[in-house]
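In: sequence and computational prediction follow.
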Amino acid sequence: MSNTSSTKVSVFASRVYELTSMIPEGKVSTYGRLAAKLGLKKGAQAVGQALHYNPFAPIVPCHRVVRSDGSVGGFAFGSEQKIKILRKEGIEILNGKIDLNIYSFKQK
DNA sequence: CGTGTGACTCGGT
DNA sequence: GACCGAGCCACAC
């Protein structure tokens, strides 16, 4: 996903997609965690925007990124869809919330 | 270059 | 638990 020649998307966004695409199936990550990996411990919102503008919508598993409190957060195609997909991947969602203690994907 | 906005997060009420 | 306000960051105007 690295934009080598053209600058369709910002470098920041490219990194976000890269990190997002490496999330394994059945696991999830949070906006804040991705931001931290980019060196922006408080740029969770910026990460969220990058995913919102996500030109790789179906390619990048942006649905595996949720809020730090376990809420599914948002989704370009609607949070309902997001939940559906996550459940399909084997993630159990109770009350629109995900058990981060079980499904959170932490990589160093 | 200043402002507003949002798929965020945290702390207080 | 829900609502609110403040802080942070990238991006569009």
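Out: Sure thing, it's come through.
In: for the residue of chain A found nearest DNA strand B, give me its contacts.
Out: Nearest to DNA strand B in chain A, going by Cβ to the nearest atom of the strand, is A:Gly74, at a distance of 2.1 Å. The C-beta positions use only the backbone N, C-alpha and C, and glycine is treated the same way. Neighbouring residues of A:Gly74 by Cβ atoms under 8 Å, 6 or more residues apart in numbering: A:48, A:52, A:82.
In: any idea which element it lies in?
Out: Secondary structure from DSSP states H and E places A:Gly74 outside every helix and strand.
In: phi, psi of it?
Out: With angles defined as degrees, to the nearest 10, A:Gly74 sits at phi -120, psi 180.
In: what's the answer for A:Ser79, then?
Out: Torsion angles, degrees, to the nearest 10, at A:Ser79: phi -60, psi -30.
In: quick one: residues contacting it.
Out: A:72-73, A:96.
In: and stretch A:82-94, anywhere near DNA strand C?
Out: No. Judged by Cβ under 7 Å from any atom of the strand, stretch A:82-94 and DNA strand C are separated, with a smallest distance of 10.2 Å.
In: buried residues in that stretch?
Out: If you call a residue buried by 16 or more other Cβ atoms under 10 Å, then stretch A:82-94 has these buried ones: A:82-83, A:85-86, A:89, A:91, A:93.
In: okay, and which of the residues you listed map to strands?
Out: With strands defined by DSSP state E, the entries of the buried residues of stretch A:82-94 inside them are A:Ile93.
In: state the distance from the closest residue to A:Pro55 other than its chain neighbours to DNA strand C.
Out: Nearest residue to A:Pro55, sequence neighbours excluded (Cβ to Cβ, 6 or more residues apart in numbering): A:Val9, at 6.3 Å. Using Cβ to the nearest atom of the strand, to the nearest Å, one gets 7 Å for the distance from A:Val9 to DNA strand C.
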